[in-house]
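J.: Need coordinates for the following:
(one chain, ligands or ions: 2)
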Amino acid sequence: MDAVNKVINEDLQKERDKCKFNVAELTAFLDGGDKFTQKRREKENRVFSIQGLRDAVPDEYMSHKERYENAVRKAVIMHQTLGTLEDKTLTEYETARLALRATTSSAIFKENSPLMLHYSMFANVIEGQGDEKQREYWLKKINNMEIIGTYAQTELGHGTFIRGLETTAEYDPKTEEFVLNSPKLTAYKWWPGGLAHTANHCVVMAHTYSQGKSCGIQPFMVQIRDLETNMPMKGVKLGEIGAKLGFNTVNNGFLGFENHRIPRDRMLMKNSQILKDGTFISSPNSKLTYGTMVYIRVSILGTMANTLGRAVTIATRYAAVRRQSQPKPNEPEPQILDYVTQQHKLFIGIASSHAYYISCFWLWTLYHRVTKELAVGNMDNLAELHALACCLKATTSADAAVLVERCRLACGGHGYMLSSNLPQIYANVTAANTYEGENTVMLLQTARALVKAGMQVAQGQKVSPSMAYLADQSKMAKWDSSVDGIVKGFQKVAAGKVAACLASLQRHTNNGQSAEDAWNLTSVQLVAASEAHARVILLSVFKSEMDVQTLTLSGETRTVLFQLVQLYTIYWALEKVGDLLLPTTTTTYSVSICDTAMRCDGWMDETSLFEKSTIQTSARTGIAGLVLSGLVYDSAVYPELVHQSLTSWPLQ
Ligand SMILES: CCCCCCCCCC/C=C\CCCCCCCCCC(=O)SCCNC(=O)CCNC(=O)[C@H](O)C(C)(C)COP(=O)(O)OP(=O)(O)OC[C@H]1O[C@@H](n2cnc3c(N)ncnc32)[C@H](O)[C@@H]1OP(=O)(O)O
Ligand SMILES: Cc1cc2nc3c(=O)[nH]c(=O)nc-3n(C[C@H](O)[C@H](O)[C@H](O)COP(=O)(O)OP(=O)(O)OC[C@H]3O[C@@H](n4cnc5c(N)ncnc54)[C@H](O)[C@@H]3O)c2cc1C
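T.: Ligands and ions are numbered 1, 2, ... in the order given. Below is the predicted model:
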């Protein structure tokens, strides 16, 4: 095996030799500095050198039980190994960035670790929701693996709608205990990772009652299994939910309660409290209980960057070594990478992966700033953080799923083989469209904030920084094909869509619909407005962060990074060319398209992207469309990227 690994395919080597920039420099840039690349490699080398972490038989040939047991075995080794490599000198940001960039877990578990929820949500919910005493007590046990936990929120009856959760926690002041119950089957917790056989504790989100009154949804630390026998505790019912598209080693389970009693101090009391006598002290903001979800939504951007990066690395390498067809007689079959259609499939994956990393680091910084503000009672920026995390989680996970599937298809029949790992990677990314807030629902959350901002703008009020562009009433005199120009175009598109939503909501309420029905009738547009806003953020953050962060890099590395920015921007301009050209279409078009429910009234007159003269010209000649599609082919971005990108990926 080792001998085989040492022989590098000639075509692959040839591509690598053409690289025009310093791969180590780009790698360090993504890791956050040389020091961190070194630390990451140390971690990866250590883990990958452990024989016990290699599967003797490929996962797919094992039974469900064998797969799970194999995953538990590896999770234990991983924990022991990584524990010894922990660096206490790193800041929280550095530790998180290192955790994100290291590829160890994804390399060892094709379908993820049964401890995934322990490390992610369980630890974070104690950090974010526990009071000082609770954090001190539980975090030590969590970090030492004295207890293994998960996060139990979703129920069979309700996933999205948290306020609809049916698990109850009723406070009994006589014994100073909470009594947990699952009144019906739909109240059973359903999905938590590791719950089926692995976890012995979990944080349960339950509808809480004290003194006969509802105290809303609160988090509780609950021991669900005996630490010696691993059998369920009295009044606790547990099991596995069954086979899934992916995540089969995550051990997702169900959980029900029958008069299960826990001490009062098991309610996580950082934000809300129930005193001994049953007095309820409400959180300053009920949404603070949802903080862990915001944290994970931010992390998902980074997870998508990593996961898509792996898929596009596999597919680009394959495209370098695969030869197919004979366009020119008497010449060898070309590498499929030389087909422009193949480049079109793959390079946007490389650009997107970088865009997601950069956006994740940016959002992470905002998350930390807001967390610090919350700690001193300042809630001013919570709504903006939530709106950004929702639409960016949804848009990056949706795009990543499309792009990973494209990578799989780009490998022809071999991409259909499980040995390519592309089907498993797809199963992992598509899951992120659903977990941690189903994507449509997340986009509608951001739409709430956009509609509010749109109304504030109409009243001349100030809005949050990420939505400030909604207030810019200026028109673009002509199409500007620079990255900044395209970003501006996207801002106009998003502003137009928000304005159209407002007009539609208004029209429906004027017609006598309730606010809720007007919202539902407008929801297709609301989702589109929210996605457009996410595009504005992704495009503008990728560009502006690169402007600042690459200043110290060499010219060659900057060049290739800016080619990625350019490619990402142009790709999305072409994908959304209809939106960008919408104001250039004639009134007849708008009427025929819009006569059904809404779709763009208010948009043509109020938020035209171009000045009227430009609109007429382009509508008559279609020049705007041509200019847009010309960008890609004229810019020579593609040929440049072909060979450079092959060696740019730091995992090689
Ligand atoms: C340096 C970079 C480092 C990056 C980190 C690296 C770390 C690496 C480690 C890797 C770690 C993790 C990898 C990923 C692992 C993932 C594994 C996870 C597996 C999956 C787990 C789960 O799925 S758990 C269950 C998740 N469930 C959900 O998400 C449910 C979704 N539903 C909801 O959130 C809510 O029900 C709702 C938002 C949809 C609606 O809530 P509600 O009905 O109560 O609210 P309203 O609609 O009425 O709105 C009321 C107002 O509140 C606002 N709101 C809502 N939510 C929030 C929030 N979270 N924060 C702030 N504000 C919120 C809402 O907008 C309304 O506002 P107004 O309009 O102003 O009234
Ligand atoms: C792999 C995986 C791992 C998971 N791990 C965990 C875990 O560890 N812990 C945990 O607690 N949960 C976990 N979950 C559950 C996950 O969080 C939920 O599946 C998710 O929140 C969606 O809820 P749901 O399944 O009830 O879907 P639903 O909310 O029923 O969604 C179904 C459809 O209805 C639509 N819909 C729902 N509400 C609205 C609305 N208001 N407006 C418009 N459309 C709407 C959605 O867009 C979607 O198309 C996991 C899920 C998966 C897939």
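
J.: ok, the closest residue to Trp138 other than its chain neighbours - how many residues close by?
T.: Nearest residue to Trp138, sequence neighbours excluded (CB to CB, 6 or more residues apart in numbering): Ile126, at 4.8 Å. Using the backbone N, CA and C atoms, a C-beta is placed for each residue, glycine as well. Ile126 sits with 24 neighbouring residues when counted by other CB atoms under 10 Å.

J.: can you tell if the helix or strand containing Ile126 touches ligand 2?
T.: Using DSSP states H and E, Ile126 sits within helix 123-129. No. Judged by CB under 6 Å from any ligand atom, helix 123-129 makes no contact with ligand 2; its nearest approach is 10.7 Å.

J.: Show me what that helix is packed against.
T.: Other elements packing on helix 123-129 under the criterion 3 or more CB pairs under 8 Å, 6 or more residues apart in numbering; DSSP states H and E are helix 132-143, strand 201-210, strand 213-223, helix 291-321.

J.: Please report how far the residue nearest to Trp138 lies from ligand 2.
T.: Note on Ile126: its distance to ligand 2, by CB to the nearest ligand atom, to the nearest Å, is 15 Å.

J.: what do you get for Met116?
T.: 8 Å.

J.: residue ranges of the strands in this protein, please?
T.: With DSSP state E, the ranges of strands along the chain come out as 149-152, 168-172, 177-181, 189-190, 201-210, 213-223, 236-240, 253-257, 260-263, 273-274, 280-281.

J.: Could you tell me which strands sit next to the last one in the sheet, and their orientation?
T.: For strand 280-281, the pairing partners within the sheet under DSSP bridges are strand 273-274 (antiparallel).

J.: quick check, the longest helix along the chain touching ligand 1?
T.: Using DSSP state H, we find that the single longest helix of the chain is helix 340-375. Yes. Residues of helix 340-375 contacting ligand 1 under CB under 6 Å from any ligand atom: 360-361, 364.

J.: try stretch 20-39
T.: No. On the criterion CB under 6 Å from any ligand atom, stretch 20-39 is out of touch with ligand 1, staying 8.1 Å away.

J.: Sort out which residues of that stretch are buried, please.
T.: Buried residues in stretch 20-39, counted by 16 or more other CB atoms under 10 Å: 21, 23, 26-32, 36-37, 39.

J.: same question, stretch 80-98
T.: 81-82, 94, 96-98.

J.: State the pLDDT value of the nearest residue to Asp226 once chain neighbours are set aside.
T.: Nearest residue to Asp226 in three dimensions, chain neighbours excluded: Met233, at 6.4 Å (CB to CB, 6+ apart). Here the pLDDT value assigned to Met233 is 98.

J.: mind checking how far the closest residue to Tyr356 other than its chain neighbours is from Ala315?
T.: Leaving aside its sequence neighbours, Tyr356 sits nearest to Ala305 (CB to CB, 6+ apart; 3.6 Å). To Ala315, Ala305 is 16 Å away according to CB to CB, to the nearest Å.

J.: These two - which one has more neighbours?
T.: Shown here are Ala305 and Ala315; by other CB under 10 Å, Ala315 has more neighbours (29 against 24).

J.: Let me see the contact set for the more buried one.
T.: By CB atoms under 8 Å, 6 or more residues apart in numbering, the contact set of Ala315 is 345-346, 349, 407-408, 410-411, 415, 422.

J.: if you set the cut-off to 10 Å instead, what comes out?
T.: Listed by CB atoms under 10 Å, 6 or more residues apart in numbering, the contact partners of Ala315 are 322, 337, 342, 345-346, 349-350, 403-404, 406-411, 414-415, 420, 422.

J.: now these: which count as buried?
T.: Among those, those classed as buried by 16+ other CB under 10 Å are 322, 337, 342, 345-346, 349-350, 403-404, 406-408, 410-411, 415, 420, 422.

J.: ok, the residue nearest to Trp138 touching Glu132?
T.: No. The criterion here is CB atoms under 10 Å, and Ile126 misses it with Glu132 at 11.5 Å.

J.: Quickly list what's touching both of these two.
T.: Residues touching both Ile126 and Glu132 by CB under 10 Å, 6+ apart: Lys270.

J.: where's the closest residue to Glu60 other than its chain neighbours relative to Thr249, distance?
T.: Nearest-residue entry for Glu60: Leu418, 5.1 Å, with adjacent residues in sequence omitted and distances by CB to CB, 6+ apart. The gap separating Leu418 from Thr249 is 14 Å, by CB to CB.

J.: Which one's more surrounded, those two?
T.: Thr249 (24 against 13).

J.: So that one is in contact with Tyr68, correct?
T.: Yes. When contacts are counted by CB under 10 Å, Thr249 is listed as touching Tyr68 (5.9 Å).

J.: list the residues that contact both of the two?
T.: With CB under 10 Å, 6+ apart as the test, Thr249 and Tyr68 both reach 62, 111, 114.
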